[in-house]
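Colleague: Starting from these lines, generate the structure:
(chains A, B, C and D)
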Number of protein chains: 2
Amino acid sequence: MLATDRNLSIKNGVKPQAETQAETHELQGMVDLMSAPMTFRRNVEIYGEGEPAEYLYKIQIGAVRTYKVLADGRRQVGGFYLAGDTFGLETDAEHAFSAEAISECKLLVIKRSALVALAARDYDVACQLWALTGAELRKVQDHILLLIKNAEERVAAFLLEMAERVPVGATVELPMSRQDIADYLGLTIETVSRTLRHLESASTIQFSSSRRIVLRNRSALARLNT
Amino acid sequence: MLATDRNLSIKNGVKPQAETQAETHELQGMVDLMSAPMTFRRNVEIYGEGEPAEYLYKIQIGAVRTYKVLADGRRQVGGFYLAGDTFGLETDAEHAFSAEAISECKLLVIKRSALVALAARDYDVACQLWALTGAELRKVQDHILLLIKNAEERVAAFLLEMAERVPVGATVELPMSRQDIADYLGLTIETVSRTLRHLESASTIQFSSSRRIVLRNRSALARLNT
DNA sequence: CGGCGGCTTGATCGGTCTCAAGTACGGTGG
DNA sequence: CCACCGTACTTGAGACCGATCAAGCCGCCG
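Modeller: Reported below is the predicted structural model:
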């Protein structure tokens, strides 16, 4: 559950009052107006699979993973969410995955019922909710294509995906552990580590530290990305 | 592209006129009113990946597969759609997958722009479009969980999924080939065949013919379904 | 009866997992 | 600043599962 005793009343109405009415009809604006800030520490659960999906979340700072655990303990990471990303939106009443903070996180929390009520009056908002779910669908469909590839292709695709989302030059700063990556790619931690080292020995990538990676040969990675 | 020269004008307005106005606001009713019937022969493409997503499709009779082909020729089947299912709805402008008729198919074709226009006026319709995308998202998320399992677990999950969707006693009639199943499960055709035969030798299933399977021990399958 | 596509079966190969150590790193306390 | 600890990551050797390659079989249709 929401690991806090904060009151989730409408807060954070800090946008300039001069803003036009039209602009506040945009989802981004509404999120700011209807949201409450919250923080989560590393590895703390934000919500659990099967819990009522009452809120959605927008990341201001930090990173989040969603995941499911199978009966035998195997874990599948559904996705990683970084600053600016939204997660936790469901069409169903319950969350399909659990969500945890990968690093210390600052989130905006929005009550789903408030957004849905707004969508009933404002068609643009309804479209944006639909588009959010559609974007999530695309991501998951791409994820499936990952899972039929070999280890090197999966790791390459992962690096390119991360590089695209954190476009700070050619260096990728990974907030997640090798275990998180392995569970995202459907590999073991050992295979992920070996594959990364293999890419390094081929001068395709270079490690600043184990979680800071410089992409030295992006086209070689893209070639692996089938 | 739409492999036909039929005119896609509004047709099929065959519902009883006594039907209430409220009822026709339901998506099901609208589909019938705004749709055109079409038929596709076995293995014929209904739409291609990357083509404009102008229509969605509801299956009256037959079965459809959606798929992507990677650069090296590997094919991933995204899903199977049976009578009563809807497919081809996108939030994006283009289809993410290709779609083909598995068997001779009778479909209802609905213009997306007509539905979207209706959704702008009728919030219930907007909700149902959102819900359709949400249901698709769930299916794909479940599919990911499949792909991290071993061969026997994947095949068992596939059989249970099909049994659920064609609930004619304990017998499952598979419209798709072993190759389709293999590409759906991320396995080879040989592994699918071997695994099915192995389940047969364990008396978990029984073949009437290669595409007619009787589930003899559903709980054994469920146990494999982690 | 012959041929072809779909399916099965067998033998071998290879990629990833598993099990088991070993190493680097960040943090904490002296 | 260093010693220590625990966690995260790396590296190696061997086993195993599913892929690959190669025949053969079955059922259907001309």
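Colleague: For the rest of this, base every contact and every neighbour count on C-alpha atoms.
Modeller: Fine.
Colleague: show me what contacts residue A:203?
Modeller: Contact analysis of residue A:203 by CA atoms under 8 Å, 6 or more residues apart in numbering or on different chains lists A:216-217.
Colleague: Which helix or strand contains it?
Modeller: Following DSSP states H and E, one finds residue A:203 outside all helices and strands.
Colleague: Same question for residue A:116.
Modeller: helix A:112-121.
Colleague: which parts of chain A sit against DNA strand C?
Modeller: A:149-152, A:186-188, A:190-191, A:209-210 (CA under 7 Å from any atom of the strand).
Colleague: Quick one: distance of the helix holding residue A:116 to the chain centre.
Modeller: 23 Å (CA atoms, centre = their mean, to the nearest Å).
Colleague: any bit of the next helix-or-strand element following it sitting next to DNA strand D?
Modeller: Sequence-wise, the next helix or strand downstream of helix A:112-121 (DSSP H and E) is helix A:123-147. No: between helix A:123-147 and DNA strand D, judged by CA under 7 Å from any atom of the strand, nothing touches; the nearest distance is 11.5 Å.
Colleague: does chain B sit close to helix A:123-147?
Modeller: Yes: with CA under 8 Å from any CA of the partner chain as the measure, helix A:123-147 is seen reaching chain B through A:123, A:126, A:129-131, A:133-138, A:140-141, A:143-145, A:147.
Colleague: what angle sits between that helix and helix B:123-147?
Modeller: Relative orientation of helix A:123-147 and helix B:123-147, computed by axes from the mean of the first three to the mean of the last three CA atoms, to 10 degrees: 10 degrees.
Colleague: List the buried residues for helix A:123-147?
Modeller: Using 16 or more other CA atoms under 10 Å in any protein chain shown as the test for burial, helix A:123-147 gives A:123-138, A:140-141, A:143-147.
Colleague: repeat for stretch A:180-191
Modeller: Burial within stretch A:180-191, assessed by neighbour count using 16+ other CA under 10 Å, is assigned to A:180-189.
Colleague: go on, stretch A:191-202?
Modeller: Across stretch A:191-202, burial judged by 16+ other CA under 10 Å covers A:192-193, A:195-197, A:199-200.
Colleague: Pick out whichever of those residues sits closest to residue A:95.
Modeller: Within the buried residues of stretch A:191-202, proximity to residue A:95 (CA to CA) peaks at residue A:192, which comes in at 28.8 Å.
Colleague: Now do that closest one against residue A:170, distance only.
Modeller: According to CA to CA, to the nearest Å, residue A:192 and residue A:170 sit 20 Å apart.
Colleague: now do residue A:43
Modeller: 28 Å.
Colleague: Also residue A:139?
Modeller: Going from residue A:139 to residue A:170 by CA to CA gives 23 Å.
Colleague: again with residue A:118
Modeller: To residue A:170, residue A:118 is 41 Å away according to CA to CA.
Colleague: and what of residue A:108?
Modeller: From residue A:108 across to residue A:170, the span is 29 Å (CA to CA).
Colleague: got it, and residue A:34?
Modeller: Residue A:34 sits 36 Å away from residue A:170, going by CA to CA.
Colleague: near DNA strand D, which residues of chain A?
Modeller: Residues of chain A lying near DNA strand D by CA under 7 Å from any atom of the strand: A:176-179, A:189-194, A:196-197, A:210-211.
Colleague: which strand residues sit across from residue A:68 in the sheet?
Modeller: residue A:76 (DSSP bridges).
Colleague: Now do the contacts for it.
Modeller: A:49, A:75-78, A:97-98.
Colleague: List buried residues within the residues you listed.
Modeller: Applying 16+ other CA under 10 Å to the contacts of residue A:68, the neighbour count classes A:49, A:75-78, A:97-98 as buried.
Colleague: pLDDT added to the residues you listed, as JSON lines?
Modeller: Shown next, in JSON lines, are the buried ones among the contacts of residue A:68 (pLDDT from 0 to 100):
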{"residue": "A:49", "pLDDT": "97"}
{"residue": "A:75", "pLDDT": "97"}
{"residue": "A:76", "pLDDT": "98"}
{"residue": "A:77", "pLDDT": "98"}
{"residue": "A:78", "pLDDT": "98"}
{"residue": "A:97", "pLDDT": "98"}
{"residue": "A:98", "pLDDT": "98"}
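Colleague: Mind telling me what element residue A:58 is part of?
Modeller: Secondary structure assignment for residue A:58, by DSSP H and E: strand A:55-61.
Colleague: For that strand, name the packing helices and strands.
Modeller: Packing contacts for strand A:55-61, counted by 3 or more CA pairs under 8 Å, 6 or more residues apart in numbering or on different chains; DSSP states H and E, involve strand A:86-87, strand A:105-111.
Colleague: ok, residues contacting the first one?
Modeller: Yep, that's strand A:86-87 we're talking about. Contacts of strand A:86-87 (CA under 8 Å, 6+ apart): A:56-59, A:81.
Colleague: The following helix or strand past that strand and chain B, are they touching?
Modeller: Next helix or strand after strand A:86-87 toward the C-terminus (DSSP H and E): strand A:98-101. No: applying CA under 8 Å from any CA, one finds strand A:98-101 separated from chain B by no less than 12.8 Å.
Colleague: Quick check: which helices or strands does strand A:98-101 pack against?
Modeller: With contacts taken as 3+ CA pairs under 8 Å, 6+ apart, strand A:98-101 sits against strand A:45-47, strand A:64-69.
Colleague: rewinding a little: what's the model's confidence in the strand holding residue A:58, averaged?
Modeller: Averaged over strand A:55-61, pLDDT sits at 96.
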